[in-house]
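Novice: heads up, no residue letters with this:
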């Protein structure tokens, strides 16, 4: 059964905005409507395949950038600008992923039209730090994080984007000071440099 | 009485692939696929439903699946 995968910091997806991402190559649009509800769908308009993450949010709907097809929160197409009188059939819809917000992170179960019956991650107070992308496989990132000992002081959730691209989404527990956030961010940047085999020196603090 | 049309897509087709594609698009557009006959050089589809969605079906099948080449489309509308 697919586990929950963190795909973004909650703070990074404001109301009325979209984010394009992927889990194991499956492209996902994460978007937040005007009321603050988070959605995670297949990142493709059923009309011509345009990424919905390029689209725009208006109220509780998201519209495709290409021809403006509008979808409601259930993923169902509700309006086609070229045919304003058309009653759009319910068959024109976008597959949705189960999505949850907990501990400052947005979590997705990568099962299209799946149910949210798998227990969501625990929701604890947290301070967002950053997301960072690393061009190595997720297993290597997870191993490096374990070796670095970060798990004892922060949550660094690993997102497998593709075979050689991974994201780390980091939060600190409770209310963290800016200095602690900066320190964790630098530690993650150093970890990325080690993983990617970068030759450049660390930027002085 | 819903609009209806018979469309003939001619070109170089893989019949099974084109037929599956046409059925899938008809389902997605919630059109009634009244008849479908696909051969290596032409496929005939009769559909009924809202006019705008029949237009969308024609456009989708004109592009067709990756392994088919549609060179011409003829259409006969039935009121």
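Specialist: Yep, it's here. Note that the coordinates shown come from a computational prediction; the quantities given were computed from them, not determined experimentally. Residues are numbered from 1 along each chain as shown, chains lettered A, B, ... in the order given.

Novice: Contacts made by stretch A:70-80 with the rest, please.
Specialist: The contact list for stretch A:70-80 (Cβ atoms under 8 Å, 6 or more residues apart in numbering or on different chains) reads A:33, A:37, A:39, A:41, A:46, A:52, A:58, A:60-64, A:67-69, A:86, A:88, A:90, A:92-96, B:52. Bear in mind the C-beta positions are built from the backbone N, C-alpha and C, glycine included.

Novice: Give me the subset of the residues you listed lying in strands.
Specialist: Counted as lying in strands by DSSP state E, out of the contacts of stretch A:70-80, are A:39, A:41, A:58, A:61, A:62, A:63.

Novice: Tell me the one of those nearest residue A:124?
Specialist: Taking Cβ to Cβ as the measure, residue A:124 lies nearest residue A:39 of these, at 23.2 Å.

Novice: and the ones in strands among the contacts of stretch A:70-80, which two are the farthest apart?
Specialist: Farthest pair in these, by Cβ to Cβ: A:41 and A:58, 16.0 Å.

Novice: Buried ones among the ones in strands among the contacts of stretch A:70-80?
Specialist: Neighbour counting by 16 or more other Cβ atoms under 10 Å in any protein chain shown classes A:39, A:41, A:61, A:62, A:63 among the ones in strands among the contacts of stretch A:70-80 as buried.

Novice: Could you give me the PyMOL syntax to select whichever of the contacts of stretch A:70-80 are buried?
Specialist: This is the PyMOL syntax for the buried subset of those, where burial follows 16+ other Cβ under 10 Å:
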select buried, (chain A and resi 33+39+41+46+52+61+62+63+64+69+88+92+93+94+96) or (chain B and resi 52)
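
Novice: Touching, residue B:76 and residue B:6? I think so.
Specialist: Yes - contact status for residue B:76 versus residue B:6: in contact at 4.9 Å, counting by Cβ atoms under 8 Å.

Novice: These two: which is more packed in?
Specialist: Using other Cβ atoms under 10 Å in any protein chain shown as the criterion, residue B:76 and residue B:6 rank with residue B:6 on top: 15 against 10.

Novice: partners of the more buried one in the sheet?
Specialist: When assigned by DSSP bridges, residue B:6 has beta-bridge partners residue B:46, residue B:76.

Novice: does it really touch residue B:75, like I thought?
Specialist: Yes - taking Cβ under 8 Å as the definition, residue B:6 is a contact partner of residue B:75 at 7.2 Å.

Novice: Going by proximity to chain A, name the top residue of chain B.
Specialist: Proximity of chain B to chain A (Cβ to the nearest Cβ) peaks at residue B:30, 3.3 Å away.

Novice: Quick check, pLDDT for that residue.
Specialist: On pLDDT, residue B:30 comes in at 96.

Novice: now do the one 5 residues further on
Specialist: At residue B:35, the pLDDT value in this model is 94.

Novice: That one: what's it in contact with?
Specialist: Applying Cβ under 8 Å, 6+ apart to residue B:35 gives the contacts B:6, B:44, B:45, B:46.

Novice: Tell me the secondary structure at it.
Specialist: Recorded secondary structure, residue B:35: strand (DSSP: H, G, I helix; E, B strand; the rest coil).
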